[in-house]
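coordinates for the following, if possible.
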Amino acid sequence: MGKIELKPGERLDDLQRNGYKIIQDPEKFCFGMDAVLLSGFADAPENGRVLDLGTGTGIIPILMAAKTKASELIGLEIQSESAEMADRSVELNDLRDRVKIIQGDIKEAGQIFGAASFDIVTSNPPYMIGGHGLQNPDGPKAIARHEVLCDLKDVVAAAAKCLKPGGKFYMVHRPFRLAEIMVTMHEYKLEPKRMRLVHPFIDKEPSMVLIEGVRGGKSRIKVESPLVIYEEQGKYTREIYDIYGY
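So this is what the prediction gives:
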């Protein structure tokens, strides 16, 4: 494992996978359960190329490197500080030969990487519509959570452009936007093929949705059994512990 110096405000978190760790700054943005669940839901072929749109801390490429035999995993991040921090996490975990962090705009992903150049595209995009009323719309947390610099259509369009025919797109989002998600994916010929709703408790409405789409796929979707986070207050279900590697 590489030696990395932490900057003021940063901390080192253990990912419970292959001894990997990640650098985070709570004042800016920390990855959430949604990123971990997406990495558990997604898959990649052996020697495949994976692109993560809006990678933030680099959590998804690093976790995907731990669970798959993909040969190249690229995280695209528009914020320079986040990209630099994610790059240091790659160095820390000795993953330079497989994982790369690129600073750039999701809307330009096709030009940066070339069309039809990836087997898999993942994304944990901003969920909230627009940045109206935000006190600091340029802040890292606002950019990560609100559609300030990119929206759902930008993410889906970039994934469709970068995926090879038959390539797979994996995304985590909010159920209240499910109709819009389905329409947008269909519009860009990323046919939704698999979906799983995530519920905080078995008797509560879902708080997240995990979706897999296939570029140029036929119209048929499999809705998987619900993923429940908590067995009881403060205690995860067995499946969540398994996803986290505990």
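
for the protein, what helix or strand is lowest in average pLDDT?
Every helix and strand in the chain was compared by mean pLDDT, DSSP states H and E; the lowest is helix 140-145, with a mean of 62.

and after it, which helix or strand comes next?
Later in the chain than helix 140-145, the nearest helix or strand by DSSP states H and E is helix 152-162.

which parts of the helix or strand immediately after that following helix in the chain are buried?
Downstream of helix 152-162, the first helix or strand assigned by DSSP H and E is strand 163-173. For strand 163-173, a neighbour-count test (16 or more other Cβ atoms under 10 Å) marks L163, K164, G167, K168, F169, Y170, M171, V172, H173 as buried. All C-beta spots, glycine's among them, are computed from the backbone N, C-alpha and C.

so which elements touch the longest helix along the chain?
Secondary structure assigned by DSSP state H gives helix 80-92 as the longest helix of the chain. In terms of contact count using 3 or more Cβ pairs under 8 Å, 6 or more residues apart in numbering; DSSP states H and E, helix 80-92 is assigned the packing partners strand 21-24, helix 59-67, strand 72-77, strand 99-103.

what is the rounded mean pLDDT of that helix?
Mean pLDDT, helix 80-92: 96.

what about dumping the CA coordinates of that helix to CSV?
In CSV, the C-alpha atoms belonging to helix 80-92 read as follows (Å, rounded to 0.1, in the frame of the first residue of the first chain):
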residue,chain,number,x,y,z
SER,A,80,-10.6,19.4,-9.3
GLU,A,81,-10.2,18.9,-5.6
SER,A,82,-12.4,15.8,-5.6
ALA,A,83,-10.5,14.4,-8.6
GLU,A,84,-7.1,15.0,-6.9
MET,A,85,-8.3,13.4,-3.6
ALA,A,86,-9.7,10.4,-5.5
ASP,A,87,-6.4,10.1,-7.4
ARG,A,88,-4.5,9.9,-4.1
SER,A,89,-6.8,7.1,-2.9
VAL,A,90,-5.9,5.2,-6.1
GLU,A,91,-2.2,5.7,-5.3
LEU,A,92,-2.7,4.7,-1.7
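
wait, doesn't L190 sit right on A159?
Yes - applying Cβ atoms under 8 Å, one finds L190 in contact with A159, separated by 6.3 Å.

looking only at neighbour counts, state which of the two leads.
Neighbour totals were compared for L190 and A159, and A159 leads with 30 against 26 (other Cβ atoms under 10 Å).
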